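A.B. asks: here is my input; please provide its structure:
(one chain, ligands or ions: 1)
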Amino acid sequence: MNQLTFLGTGDAMGVPRVYCDCDVCTEARLMGENKRKRSSVLIDGGDGDGTSEQFMIDCGPDWRSQMEDQGLRMVHTLLITHAHFDHIGGLPEWADACRWLGVKGRLYAPREVIATIQGQFPWLGRHVDFLETDGGIELGGWKVHSWKVCHGHNGYSYAYRLDQGGYSWAYCSDAIDLKTSEKEPLHGLDMLVLGTSFVHELAEFSTRSVYDMREAQELLRELKLGHTYFTHMSHDVDVRQNYNLDQGITIALTGMKVPLGTLKLEMNA
Ligand SMILES: O=c1ccn([C@@H]2O[C@H](COP(=O)(O)O)[C@@H](O)[C@H]2O)c(=O)[nH]1
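C.D. replies: Numbers count the residues shown, from 1 in each chain. A predicted model of the protein is given here:
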């Protein structure tokens, strides 16, 4: 069965945040329950035999240490949600790994995200093939659909919905204030990975860019989907706390593995 591994669950700054001595950052430095690298997930067959195509969603500046955390030498295929530093900062190192191995990496993203990445890192094309997701793609047995989502003060990002064998899930790490059409692909999901930077963010709404947990729960009550994992969390979130979240919501932890698919119980004759 396919599985998803959380390689990082932090916001753009990661946790601990530089110079910060709040309780959460201090705990992250001393003990590490709240240590969060920039948000990224790995999807694979879960069988370790490499038979199904492995891919990652996003490649932030922590990519190299995230690979080492997992004991992985290489992942040849990436899906990118948007061209912000916390989601693409690891691309030069990933391309360098492709160079070392003598392979061409495959980077999938919406056309305009590819154009921005190529503008920022013009040398990547020597080691990477850029492949557009706009018309929908097939990856590792998944039917993959990308769509634009509101990222508030920071413009917009893309989310991905993946369908296989009647199981549907989506990755939407950087969104806020989704409009009706942007919510459409989220209906009827079995599982959602959703970014929630704060528990309750007090900053002026027009300056914000990602849901907080309070707003996310309102969204989830409306969507009525299976299970949700919160990711992209800043130092406002303390994983040791009980936030009394609605049933069906889990705060994702680094290294957490989630099965993707429905277990079929074998009936004895
Ligand atoms: O054009 C841009 C705009 C922003 N960034 C960086 O992205 C993150 C955004 O933080 P969120 O919490 O995900 O909203 C921030 O670090 C900006 O510096 C960028 O790289 N490019």
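A.B. asks: what is the burial count for P122?
C.D. replies: By other Cβ atoms under 10 Å, 9 other residues sit near P122. The C-beta positions use only the backbone N, C-alpha and C, and glycine is treated the same way.
A.B. asks: then H153?
C.D. replies: Neighbour number of H153 under other Cβ under 10 Å is 13.
A.B. asks: wait, what's in contact with the residue positioned nearest the centre of the chain?
C.D. replies: With distances taken as Cα atoms, centre = their mean, S40 lies nearest the centre of the chain, 4.3 Å away. With contact set as Cβ atoms under 8 Å, 6 or more residues apart in numbering, S40 has these partners: L7, G8, M56, I57, D58, C59, G60, D62, W63, Q66.
A.B. asks: got the CA coordinates for stretch 163-179 in PDB?
C.D. replies: Only the C-alpha atoms of stretch 163-179 are listed here, as PDB (Å, rounded to 0.1, in the frame of the first residue of the first chain):
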ATOM      1  CA  ASP A 163      -6.800   9.800  -6.800                       C
ATOM      2  CA  GLN A 164      -6.100   6.100  -7.100                       C
ATOM      3  CA  GLY A 165      -8.400   3.100  -6.900                       C
ATOM      4  CA  GLY A 166     -11.300   5.000  -5.300                       C
ATOM      5  CA  TYR A 167      -9.000   6.700  -2.700                       C
ATOM      6  CA  SER A 168      -8.600  10.500  -2.800                       C
ATOM      7  CA  TRP A 169      -6.400  12.800  -0.900                       C
ATOM      8  CA  ALA A 170      -5.000  16.300  -1.300                       C
ATOM      9  CA  TYR A 171      -2.000  18.400  -0.200                       C
ATOM     10  CA  CYS A 172      -2.800  22.100   0.400                       C
ATOM     11  CA  SER A 173       0.000  23.500   2.600                       C
ATOM     12  CA  ASP A 174      -0.300  27.300   1.800                       C
ATOM     13  CA  ALA A 175      -3.900  28.500   1.600                       C
ATOM     14  CA  ILE A 176      -6.300  30.800   3.300                       C
ATOM     15  CA  ASP A 177      -9.800  32.100   2.600                       C
ATOM     16  CA  LEU A 178     -10.500  29.600  -0.100                       C
ATOM     17  CA  LYS A 179     -13.300  30.600  -2.500                       C
END
